[in-house]
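Peer 1: What follows is a predicted structure for the sequence shown.
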Number of protein chains: 2
Amino acid sequence: MLSSFLKSFSAIPSRKILVHGGGKLATTMAEKLGITQKMIDGRRITDDETLKVVTMVYAGYINKNIVASLQANECNAMGLSGADGNLIPARKRRDSKIDYGFAGDIDSSLIKVQNWKSLISAGIVPVICPITHDGRGQLLNTNADTIAQELAKALGREYNVTLVYVFEKAGVLLDADDDTSVIPSITAGYYQQLKSEQKIFAGMLPKLDNAFNALNNGVKRVIIGKAGQLSGLIEGKSGTMIVNE
Amino acid sequence: MLSSFLKSFSAIPSRKILVHGGGKLATTMAEKLGITQKMIDGRRITDDETLKVVTMVYAGYINKNIVASLQANECNAMGLSGADGNLIPARKRRDSKIDYGFAGDIDSSLIKVQNWKSLISAGIVPVICPITHDGRGQLLNTNADTIAQELAKALGREYNVTLVYVFEKAGVLLDADDDTSVIPSITAGYYQQLKSEQKIFAGMLPKLDNAFNALNNGVKRVIIGKAGQLSGLIEGKSGTMIVNE
């Protein structure tokens, strides 16, 4: 499954970046190490021990195995975190109600595109794990979808960026349990209509809000769909295309 | 200790690369996960589970924490394994007597200096963990000293390379228990004399053989000494300088 996705990813002819997560594997590893994971509203509370686990799992195990597979597919992958080359500066989340621990918030305006350009122009395909840093020596845990979004916005200042979100569903669905009910295209106006008619599964709303946020901040198009259909997504043959128009 | 070393490393004005290990921490982590570590002649046998642990510990935890610390010292560190950008190609060790598992042997002649030049010339300071790959999707575990040596030889084809080995002793000692018995300089001829007089602690011999191998293959000078004296080592004020002459 992952190996077929990585093969499709390698075949994409244009310049590209892969951002990956790994929450499930991190949870399994934390359990093996006897570290209790605390989640609030679906967000992991990153205490000291959890930060150690996610750094090992995301930046080590998952990232390097993806890189080795891409290299085997003749894709010149380079696995990096946001600390490496200061690619994604972050700051520790401050929240008056909840202590999220070592959670890193990021902002596209603070991402220096020049740091990315030197890699991209050298033909390197960055593979980014969701670990960032505060620039003062502290690693932080940042949501992978957020990294993809903020990075796409930052790179949109210099490049023609398509942001593709892949997950287990075939796209934005009218019926969450029916993969054939994919909405092929959603404009801002249509999104308002779908929301007012309550036709979209609530879990999709944050993803779509993020998609429009990206489109309103320099990203050319956003595509949402199934990991197993990557080439179809990019060709516009499957998934849901989000457009501002 | 590590933080003071990283501060000294950041202060080195020339282009530089850091190669790190992490065997002790990997052993601790393997114990926590209930994975038995098998060592033969001081070499770790890298079975499937051990490879997972060393990938997490070396490429994840240690590598990213070093990078974050260097970044805090305004050193533009980028943490990489040998799989990233295909920086260090390796092949699985074949040994008719011992199955070392996923141990990777490397050869300086197979390291493409061009891949390194694009990073170095962009002002990036590579921080290398001892994980390599076979180019066919398999990660491998390679000794950090070996990586430093082969990399120094490869880069010696294009750069004026000084190879510095830091460890817990103040240099090559006439008396293994006396840090004041440092031999300031060892030439090839003097090395033969010291060996025939059995004046050097046996554990140092492989390190010195490696040092002369590097010198005979394009490395300008090799320095051995204490991590806490890094600036002194580079200035020739402490440690042992190995020279071919």
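Peer 2: That came through, no problem.
Peer 1: tell me the helices in chain A, going along the chain?
Peer 2: A:2-11, A:23-32, A:48-54, A:63-72, A:113-120, A:144-155, A:188-196, A:205-215, A:230-234 (DSSP state H).
Peer 1: how about CSV for those helices, with mean neighbour count added?
Peer 2: In short, each C-beta sits where N, CA and C put it, glycine included. Output for the helices of chain A, formatted as CSV (neighbours: other Cβ atoms under 10 Å in any protein chain shown):
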stretch, mean neighbour count
helix A:2-11, 17
helix A:23-32, 16
helix A:48-54, 20
helix A:63-72, 26
helix A:113-120, 17
helix A:144-155, 22
helix A:188-196, 13
helix A:205-215, 18
helix A:230-234, 20
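Peer 1: With respect to residue B:234, which of those helices lies nearest?
Peer 2: helix A:113-120 (27.2 Å; Cβ to Cβ).
Peer 1: Residues of chain A that sit close to chain B?
Peer 2: A:29, A:32-33, A:52, A:55-61, A:63-65, A:67-69, A:71-72, A:76-81, A:83-86, A:118-119, A:122, A:124, A:131, A:133, A:135-139 (Cβ under 8 Å from any Cβ of the partner chain).
Peer 1: Now with 7 Å, please.
Peer 2: Residues of chain A lying close to chain B (Cβ under 7 Å from any Cβ of the partner chain) are A:32-33, A:52, A:55-57, A:59-61, A:64-65, A:67-69, A:71-72, A:76, A:78-81, A:83-86, A:118, A:122, A:124, A:131, A:133, A:135-139.
Peer 1: Quick check: residue A:164 touching residue A:223?
Peer 2: Yes. Here residue A:164 reaches residue A:223: they are 4.7 Å apart, a contact under Cβ atoms under 7 Å.
Peer 1: can you list the helices of chain A in CSV and add mean pLDDT and distance to residue B:197?
Peer 2: Shown next, in CSV, are the helices of chain A (pLDDT from 0 to 100; distance: least, Cβ to Cβ, whole Å):
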stretch, mean pLDDT, distance to residue B:197
helix A:2-11, 95, 57
helix A:23-32, 93, 52
helix A:48-54, 96, 48
helix A:63-72, 98, 46
helix A:113-120, 95, 52
helix A:144-155, 97, 60
helix A:188-196, 93, 83
helix A:205-215, 92, 71
helix A:230-234, 95, 66
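Peer 1: ok, now how distant is the residue nearest the centre of chain A from chain B?
Peer 2: Centroid check for chain A by Cα atoms, centre = their mean gives residue A:145 as the closest residue, at 3.2 Å. Using Cβ to the nearest Cβ, to the nearest Å, residue A:145 is found at 21 Å from chain B.
Peer 1: same question, residue A:102
Peer 2: 11 Å.
Peer 1: Check what pLDDT that residue gets.
Peer 2: Looking at residue A:102, its pLDDT is 97.
Peer 1: Count the neighbours of it for me.
Peer 2: Residue A:102 has 24 neighbouring residues, counting by other Cβ atoms under 10 Å in any protein chain shown.
Peer 1: That one touches residue A:133, doesn't it?
Peer 2: No. The criterion here is Cβ under 7 Å, and residue A:102 misses it with residue A:133 at 10.1 Å.
Peer 1: okay, and the common contacts of these two?
Peer 2: A:139-140 (Cβ atoms under 7 Å, 6 or more residues apart in numbering or on different chains).
Peer 1: To residue A:182, which of the helices of chain A lies closest?
Peer 2: In terms of Cβ to Cβ, the element of those nearest to residue A:182 is helix A:230-234, at 10.9 Å.
Peer 1: I'd like the distance between the spatially closest residue to residue A:182 that is not a sequence neighbour and residue A:123.
Peer 2: Excluding the flanking residues, the one nearest residue A:182 by Cβ to Cβ, 6 or more residues apart in numbering or on different chains is residue A:171, at 3.9 Å. Here residue A:171 is placed at a distance of 31 Å from residue A:123 (Cβ to Cβ, to the nearest Å).
Peer 1: higher neighbour count, those two?
Peer 2: Neighbours per residue, other Cβ under 10 Å: of residue A:171 and residue A:123, the larger number sits with residue A:171, 24 against 11.
Peer 1: Could you pull up phi and psi at that one?
Peer 2: Dihedral angles phi and psi of residue A:171 (degrees, to the nearest 10) take the values phi 150, psi -160.
Peer 1: you'd agree it is up against residue A:180?
Peer 2: No. At 10.3 Å, residue A:171 does not count as touching residue A:180 under the criterion of Cβ under 7 Å.
Peer 1: what's the burial count for the residue in chain A that chain B sits nearest to?
Peer 2: Chain A approaches chain B most closely through residue A:60 (2.4 Å), counting by Cβ to the nearest Cβ. Neighbour count of residue A:60, defined by other Cβ under 10 Å: 30.
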